[in-house]
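Undergrad: no sequence on this one, just coordinates:
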């Protein structure tokens, strides 16, 4: 009977170790892809072009891996926005790569790579980005593009930008002039277009357009991102050339806007948390609980005097969202006394685990 118990105990331990090992293996699983990277050979520098082609191939491999993982999850929303956010972090996902072959075609260096991508790292970041998008409250964006010249129609560019943002999953509206002020939007994408006639060539007109884009907070008018663009096009009339140039500029502006917006949504902010009437032992446990809250990156004690602590919390949560997390904690008895954009004030009461 004793031998039987030992056998069952050994079998149980085997299953436990196997499940843990399998879990670790799944987390460390590598996605292996083959890609072709390309780069233009500039000034005859083949070595530099080869380095750029390798970098291009690694970027492609990461984007393909992200696409595979995203499309395999039917619950994913805002795919384009998540993809652009992940692209900004791509350097940390490559576990290994090998150059299989390299060659030159029409002054373009090409390399065939086998690339290993860390699947677990991408999944972890995808989960965080999905949560960030959800916490962002499905931001509403108003696109407003005006032309500096009275005979230049900018409505097509506004519609083009709105369509691109809509495809990325945003709620988007377009408006002109006074309609853009005081609406129910969260963010404003403002554009201003200038036109310059470069000349006439064999019956065609060359026109260059300059576009300045800004992303602003709708409630405060705070400028969050600024970019400048220019594009040249040729057509039979100045109006047609300008329209074509704006359309070409829009194709470049949309990916940049998505990148800017993704960065703004997932950018960590520094919140100040003031804890009143707290014993130092309580404070140590409270700091630990703060660090365990999802999307809290770091917690730093700035000052502790007279039973009052001032903490800096780095997180992608807003102050109200963090306050909600603290107030709903099961082992925390927290009384929130004040919340503003970047400040939380609170008091701790008895009933904490681990504190007498």
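TA: Looks like it came in fine. In this text the structure is predicted, and so the values were computed from the model without any measurement.

Undergrad: For the rest of this, base every contact and every neighbour count on C-alpha atoms.
TA: Will do.

Undergrad: after the least confident helix or strand in the chain by mean pLDDT comes which helix or strand?
TA: One helix or strand of the chain scores below all others by mean pLDDT, DSSP states H and E: helix 2-27, with a mean of 39. Downstream of helix 2-27, the first helix or strand assigned by DSSP states H and E is strand 30-40.

Undergrad: what packs against the helix or strand following that next one?
TA: Counting by DSSP H and E, the next helix or strand C-terminal to strand 30-40 is helix 46-71. Counting by 3 or more Cα pairs under 8 Å, 6 or more residues apart in numbering; DSSP states H and E, the packing neighbours recorded for helix 46-71 are strand 30-40, helix 79-88, strand 108-118, helix 119-135.

Undergrad: what's the least confident stretch among these?
TA: Note on the helices and strands packed on helix 46-71: lowest mean pLDDT is at helix 79-88, with a mean of 56.

Undergrad: Could you break the chain into its assigned domains?
TA: 2-135, 140-266, 269-348 (automatic domain parsing).

Undergrad: With mean neighbour count added, can I get those domains in a markdown table?
TA: What follows is the domains of the chain, written out as a markdown table (neighbours: other Cα atoms under 10 Å):
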| stretch | mean neighbour count |
| --- | --- |
| domain 2-135 | 16 |
| domain 140-266 | 18 |
| domain 269-348 | 16 |
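
Undergrad: Can you flag the weakest of those by average pLDDT?
TA: Comparing mean pLDDT across the domains of the chain, the weakest is domain 2-135, with a mean of 70.

Undergrad: Quick check: residue 30 touching residue 122?
TA: No - look at residue 30 against residue 122 with Cα atoms under 8 Å: they stay out of range, at 10.5 Å.

Undergrad: Run through the neighbouring helices and strands of the longest helix anywhere in the chain.
TA: Secondary structure of the chain per DSSP state H: the longest helix is helix 238-266. Under the contact definition 3+ Cα pairs under 8 Å, 6+ apart, helix 238-266 sits against helix 79-88, helix 119-135, helix 155-167, strand 204-217, strand 223-235.

Undergrad: rerun that using 6 Å as the cut-off
TA: For helix 238-266, the elements it packs on are strand 204-217, strand 223-235, judged by 3 or more Cα pairs under 6 Å, 6 or more residues apart in numbering; DSSP states H and E.

Undergrad: Can you convert the ones you listed into JSON lines and add a column each for distance to residue 272?
TA: Putting the helices and strands packed on helix 238-266 into JSON lines (distance: least, Cα to Cα, whole Å) gives the following:
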{"stretch": "strand 204-217", "distance to residue 272": "21"}
{"stretch": "strand 223-235", "distance to residue 272": "21"}
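
Undergrad: what's the closest of those to residue 319?
TA: Between residue 319 and these, the shortest gap by Cα to Cα is with strand 204-217, which sits at 16.8 Å.

Undergrad: Could you check how far residue 32 is from residue 273?
TA: According to Cα to Cα, to the nearest Å, residue 32 and residue 273 sit 44 Å apart.

Undergrad: Then residue 286?
TA: 11 Å.

Undergrad: Please apply the same query to residue 117.
TA: From residue 117 over to residue 273 (counting by Cα to Cα), the distance is 38 Å.

Undergrad: Then residue 307?
TA: Taking Cα to Cα as the measure, residue 307 and residue 273 are separated by 14 Å.

Undergrad: swap in residue 213?
TA: Relative to residue 273, and taking Cα to Cα, residue 213 is found at 35 Å.

Undergrad: Which strand residues bridge residue 32?
TA: Listed by DSSP bridges, the beta-bridge partners for residue 32 are residue 116.

Undergrad: Skip the chain neighbours and tell me the closest residue to residue 217.
TA: residue 187 (4.8 Å; Cα to Cα, 6 or more residues apart in numbering).

Undergrad: how near is the one you found to residue 197?
TA: 33 Å.

Undergrad: got it, and residue 157?
TA: Look at residue 157 and residue 197: by Cα to Cα, they are 19 Å apart.

Undergrad: Same question for residue 226.
TA: 25 Å.

Undergrad: for residue 218, same thing?
TA: 34 Å.

Undergrad: swap in residue 208?
TA: As for residue 208, its distance to residue 197 is 6 Å (criterion: Cα to Cα).

Undergrad: thinking again about what came up before, residue 339 is nearest to which of the helices and strands packed on helix 238-266?
TA: Of these, nearest to residue 339 by Cα to Cα is strand 204-217, at 19.7 Å.

Undergrad: And for that closest one, what's in contact with it?
TA: Residues from elsewhere that reach strand 204-217 (Cα atoms under 6 Å, 6 or more residues apart in numbering): 187-199, 222-238, 241-242.

Undergrad: go on, stretch 229-240?
TA: 204-211, 241, 245, 249.

Undergrad: Quick one: distance of it to the chain centre.
TA: Computed by Cα atoms, centre = their mean, to the nearest Å, the separation of stretch 229-240 from the middle of its chain amounts to 33 Å.

Undergrad: same deal with stretch 41-50?
TA: With Cα atoms, centre = their mean, you get 32 Å for stretch 41-50.

Undergrad: Bridged to the closest residue to residue 303 other than its chain neighbours, which residues?
TA: Nearest residue to residue 303, sequence neighbours excluded (Cα to Cα, 6+ apart): residue 310, at 5.2 Å. Going by DSSP bridges, residue 310 is paired in beta bridges with residue 274, residue 303.

Undergrad: can you check the one 5 residues further on too?
TA: When assigned by DSSP bridges, residue 315 has beta-bridge partners residue 269, residue 296.
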